[in-house]
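**Q** Take this sequence and fold it.
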Amino acid sequence: MAAVGLGQAARTTPAGALPANMVPHPREELFTVLVVDDHPLLREAIAARLLQMGAGTVHEAASMAEARARALATGPCDLAILDLGLPDGTGIELVTELRSQGWPRIVVLASSDDPYAVRAAFQAGAQAYLLKSASPMVVTDGVRRVLDGGVYADPSVAPVLAAGTRVPGTDNTPRELSGREVEVLQLVADGRSNKEIGEALNLSALTVKSHLSRIGRKLGTGDRAQMVALAMRAGVIR
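**A** Numbers count the residues shown, from 1 in each chain. Below you'll find the model as predicted:
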């Protein structure tokens, strides 16, 4: 078993070298992992934990650029664990890229329980959201769940997911917004015009206006600033 940096050759453990009860899912072969985090000590600790769990090879990267190079060199691994706060890009962007390249299982590692980040990670295709402050047991549980084909949320962020994308309107009655409506509101919050929002989402300006009208009816206000304020208060956008 070995953790492997970008410039290192992969070393693997012969099949059967670990007791069956240490392998976290029913596979005859050991699983492969890519760990992406810009903090060496944390990255090494995660790699060590994965090797103890039965990983055959753990590839490491400290940035988006290194992760892309590693992904290109190895092809999809069984699992990827990605930091959200990378120095040259967002982990959410990397989740989307890896999923589009056929990576089957992705765990997001974050230092924050920001509701927007939690929802964005799962919407991008991650199967788990773990906090860096999580105990080794929580990390192990999350990884096992994902390797078994499930999803997992750190216990402290589970309430965020339970709340979904409900936003209390002006009458304080929670209203469910669609994923597209949340995307539109986020771009409104970023100061984009209807035309710019349409270009970003590949929609016509008329369709964007229609989305905003529907959001306004749900929240009880036609004022863009108030819609954004209500959504921010609910933690749906930031």
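**Q** Which parts of the protein belong to which domain?
**A** Following the TED database, the chain resolves into domains at 29-161, 177-232.
**Q** Let me see the residues that make contact with the helix or strand residue 71 falls within.
**A** Residue 71 is part of helix 64-74 when elements are defined by DSSP states H and E. By C-beta atoms under 8 Å, 6 or more residues apart in numbering, the list of residues contacting helix 64-74 from outside reads 6, 10, 32, 34, 36, 59-61, 82, 86, 88-89, 93-94, 97-98, 101, 103. In short, each C-beta sits where N, CA and C put it, glycine included.
**Q** Could you report the neighbour count for residue 138?
**A** If you count neighbours by other C-beta atoms under 10 Å, residue 138 ends up with 16.
**Q** Tell me how far it lies from residue 212.
**A** The gap separating residue 138 from residue 212 is 40 Å, by C-beta to C-beta, to the nearest Å.
**Q** hang on, residue 56 is in a strand, isn't it?
**A** Yes - checked against DSSP: H, G, I helix; E, B strand; the rest coil, residue 56 lies within a strand.
**Q** just checking, it touches residue 50?
**A** No - proximity of residue 56 to residue 50 does not meet the contact threshold set by C-beta atoms under 8 Å, at 9.8 Å.
**Q** Tell me where this protein has strands.
**A** According to DSSP state E, the chain carries its strands in the segments 2-4, 31-36, 55-61, 79-83, 85-86, 89-90, 106-110, 128-131, 152-153, 166-168, 174-176.
**Q** among the ones you listed, which gets the worst mean confidence?
**A** In terms of average pLDDT, strand 2-4 trails the rest of the strands of the chain, at a mean of 56.
**Q** how about the nearest residue to residue 85, chain neighbours excluded?
**A** residue 111 (6.5 Å; C-beta to C-beta, 6 or more residues apart in numbering).
**Q** just checking, the one you found touches residue 86?
**A** No - in terms of C-beta under 8 Å, residue 111 does not count as a neighbour of residue 86; the distance is 12.0 Å.
**Q** any idea how far residue 66 is from the residue nearest to residue 85?
**A** Separation of residue 111 from residue 66 (C-beta to C-beta): 20 Å.
**Q** Counting neighbours, go ahead and name the busier of those two.
**A** For residue 111 against residue 66, the residue with the higher neighbour count under other C-beta under 10 Å is residue 66, and the figures read 20 against 14.
**Q** ok, now how distant is that one from residue 43?
**A** With distances taken as C-beta to C-beta, residue 66 is found 11 Å from residue 43.
**Q** Next: residue 196.
**A** With C-beta to C-beta as the criterion, residue 196 and residue 43 are 38 Å apart.
**Q** what do you get for residue 59?
**A** Distance, residue 59 to residue 43, by C-beta to C-beta: 11 Å.
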